[in-house]
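Chemist: below: sequence and its predicted model.
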Amino acid sequence: WVLTTPLGPEHIAAEHIKKHGDGVRGINLIVDNVEEAYRDTTAKGAKSVQPPTVLEDKNGSVKSASVATYGDTLHTFIERGNYKGVFLPGFEPVAKDLLCRSAALSFIDHVVGNVEWHSTFFPKASLLRA
């Protein structure tokens, strides 16, 4: 799990927190085929944010693509089958990170996507009203 929090008010994560409070802006999913995941989700109504893209460094290549589904949440598909590095291209291992302390996080039991009533992704909500 990679969790990001802003170090200053200009960071993109700070804008999301100002607008929504604590929460998740991006969910990354490891997939076998980025092109297929992107094609299938956009065909079903997800909006393209980043078409399939290849990132490379000395450790190989990673494919990724991002879509928007509801609210400001992004879903990014990651295909790592041709990559042997520590995380993603451009990242290098460090002996000790002086900015981070262990959060002693053992597991995450679930991730929730809150969808607005009457949105295009929850069209039957109007049927539930009294």
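Modeler: Thanks, I have the structure now. Numbers count the residues shown, from 1 in each chain.
Chemist: how about the strands in the chain?
Modeler: For the chain, the strands defined by DSSP state E cover 26-30, 47-57, 60-68, 74-79.
Chemist: could you check how many residues crowd around residue 41?
Modeler: 18 (other Cβ atoms under 10 Å). Where C-beta positions appear, they are placed from N, C-alpha and C, glycine not excepted.
Chemist: next up, the contacts around it.
Modeler: Residue 41 sits next to 67, 69, 75 when contact means Cβ atoms under 8 Å, 6 or more residues apart in numbering.
Chemist: do that again at 7 Å, thanks
Modeler: Going by Cβ atoms under 7 Å, 6 or more residues apart in numbering, residue 41 touches residue 67.
Chemist: now it: how far from residue 55?
Modeler: Separation of residue 41 from residue 55 (Cβ to Cβ, to the nearest Å) stands at 20 Å.
Chemist: pLDDT score for the closest residue to residue 55 other than its chain neighbours?
Modeler: Nearest non-adjacent residue to residue 55, counting by Cβ to Cβ, 6 or more residues apart in numbering: residue 89, 4.2 Å away. In this prediction, residue 89 carries a pLDDT score of 95.
Chemist: can you spell out which helices and strands pack onto the worst-scoring helix or strand of the chain on mean pLDDT?
Modeler: The helix or strand of the chain with the poorest confidence is helix 12-20; it has a mean of 84 (mean pLDDT, DSSP states H and E). Counting contacts by 3 or more Cβ pairs under 7 Å, 6 or more residues apart in numbering; DSSP states H and E, helix 12-20 is packed against no other helix or strand.
Chemist: residues near residue 34, how many?
Modeler: Residue 34: 22 surrounding residues under other Cβ under 10 Å.
Chemist: wait, it touches residue 63, no?
Modeler: Yes: with contact defined as Cβ atoms under 7 Å, residue 34 counts as touching residue 63 (4.1 Å).
Chemist: overlap of the contact sets of those two?
Modeler: 52, 79.
Chemist: re earlier: buried residues, the least confident helix or strand of the chain. List them.
Modeler: Buried residues in helix 12-20, counted by 16 or more other Cβ atoms under 10 Å: residue 16.
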